[in-house]
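[1] dropping a prediction and its sequence here:
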Amino acid sequence: MNLKRRLRHYLNNRIVKPGIKEGIKEAILSAIPTVQHIAAIFPHEAEQPSYTLPAYPGEMRRHPDSPFPIPPDPLWAHYCTTVETYLQSGLDDTTTMRRLLLDSGAPIEQLGRILELGVAGGRLIRHLVDLVQQQEIWGLDVWASAILWCKEYLSPPFHFATTTVAPHLPFEDRSFGLVFAGSVWTHIDDLVEAWALEVHRILRPGGRLYFTINDRAAVKVFEGGGLPENRARYVERVRPDTWSDWLKLLKSHSGYQRFARGDAQMVTMGRSTQAHVMWDVDYLLKRWGPGWSICSVTPEAYGHQTGVLLARV
Ligand SMILES: C[S@@+](CC[C@H](N)C(=O)[O-])C[C@H]1O[C@@H](n2cnc3c(N)ncnc32)[C@H](O)[C@@H]1O
């Protein structure tokens, strides 16, 4: 029984006296969204009272271009609609990240331990397989089902752990050379600096943080700008109808309209774990304090999102 159903069960079975029942019921039910936000992970099989992990997991789809199985569609995080675009989009995004790292004077092969924050079903991490002989590579997510799949099918050679939305990473200080996060800061609102500080703690000096956001350059794309050849590629990735539904939703939001006019530095549509956040990149980086130097800010580095590469001072 999930939390909501369990509470209803107690209340409806007169464990609380009828006179005060309604008031308490209202107070508890109105607190549920907050409790769920603080609960901070998306548990595997959340609606079930128990679950098992099969000893012999079923066969997965394979593709000749990939040494690893392809995750089931729900773990694609709405990034693509075919196995081919799943693989190609991950390859494109990691190739761009490698190029930006190289341009910053830090080739990925020389960075040592690597962490992907918000790994989902491993769309990106799987394209780092060439590095695993000499580098330890970790993937984390708050989405327990996705991490279970990754553990089953991508480990070894990669390592995975489920974490929470609280800014705490279960690693030692200064123990990574690269942390990357594709479209994770797009879902973090109030805790954005706390996350930056936590990543700073686990990076060694000179280590790199690469993350992607929706900023003013992404707004240009939403408003019909950007490179036409890129646009065709990422609209095709998510399917044209999904893309146009997303644009409709965005453009009808008053916060987005303010941000697009330049009247806001940041907008969050939805809150906490449900947030879709946009930032003015200069404003965001100013708030992160002196612990970082900016290597590059690259529009359309990850679909329509801007890639931000920082060096830990
Ligand atoms: C839009 S998806 C991107 C998935 C993947 N990075 C990719 O490029 O295919 C965002 C992912 O970040 C995860 N996420 C959001 N907030 C997180 C946090 N605070 N810590 C770890 N993962 C988080 C979500 O569960 C989701 O899997």
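    Perfect, thanks for sending it. Numbers count the residues shown, from 1 in each chain.
[2] for the stretch 151-300 of the chain, which segments count as strands?
    Defined through DSSP state E, counting those that start in this stretch, the strands belonging to the stretch 151-300 of the chain, from first to last, are 159-162, 176-181, 203-213, 266-269, 276-279, 292-302.
[3] could the ones you listed go into JSON lines alongside mean pLDDT?
    Compiled in JSON lines, these are given as follows (pLDDT from 0 to 100):
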{"stretch": "strand 159-162", "mean pLDDT": "98"}
{"stretch": "strand 176-181", "mean pLDDT": "98"}
{"stretch": "strand 203-213", "mean pLDDT": "98"}
{"stretch": "strand 266-269", "mean pLDDT": "95"}
{"stretch": "strand 276-279", "mean pLDDT": "95"}
{"stretch": "strand 292-302", "mean pLDDT": "96"}
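[4] just give the number of residues close to the residue of the chain found nearest the ligand.
    Closest approach of the chain to the ligand (CB to the nearest ligand atom) occurs at residue 118, with a separation of 2.7 Å. Where you see a C-beta, it was placed from the backbone N, CA and C, and this is true even at glycine. Residue 118 is flanked by 23 other residues according to other CB atoms under 10 Å.
[5] with residue 166 instead?
    Using other CB under 10 Å as the criterion, the residues surrounding residue 166 number 14.
[6] show the contacting residues for the closest residue to it other than its chain neighbours.
    Distances taken as CB to CB, 6 or more residues apart in numbering place residue 40 nearest to residue 166, at 5.5 Å, with adjacent residues excluded. Taking CB atoms under 8 Å, 6 or more residues apart in numbering, we find residue 40 in contact with 142, 164, 165, 166, 273.
[7] make it 6 Å
    Neighbouring residues of residue 40 by CB atoms under 6 Å, 6 or more residues apart in numbering: 164, 165, 166.
[8] of all the residues you listed, which comes closest to residue 267?
    Each of those was scored against residue 267 by CB to CB, and residue 165 proved nearest at 19.5 Å.
[9] can you pull the contacts of the closest one?
    With contacts taken as CB under 6 Å, 6+ apart, residue 165 has the following neighbours: 40, 142, 273.
[10] residue 52 versus the first one, what's the distance?
    Think residue 40. Distance check for residue 40 against residue 52: by CB to CB, to the nearest Å, it reads 24 Å.
[11] before we move on, the earlier item: got the strands of the stretch 151-300 of the chain as TSV, with mean neighbour count and distance to residue 105 columns?
    As requested, these are exported to TSV (neighbours: other CB atoms under 10 Å; distance: least, CB to CB, whole Å):
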stretch	mean neighbour count	distance to residue 105
strand 159-162	18	27
strand 176-181	24	13
strand 203-213	21	9
strand 266-269	19	30
strand 276-279	22	26
strand 292-302	18	8
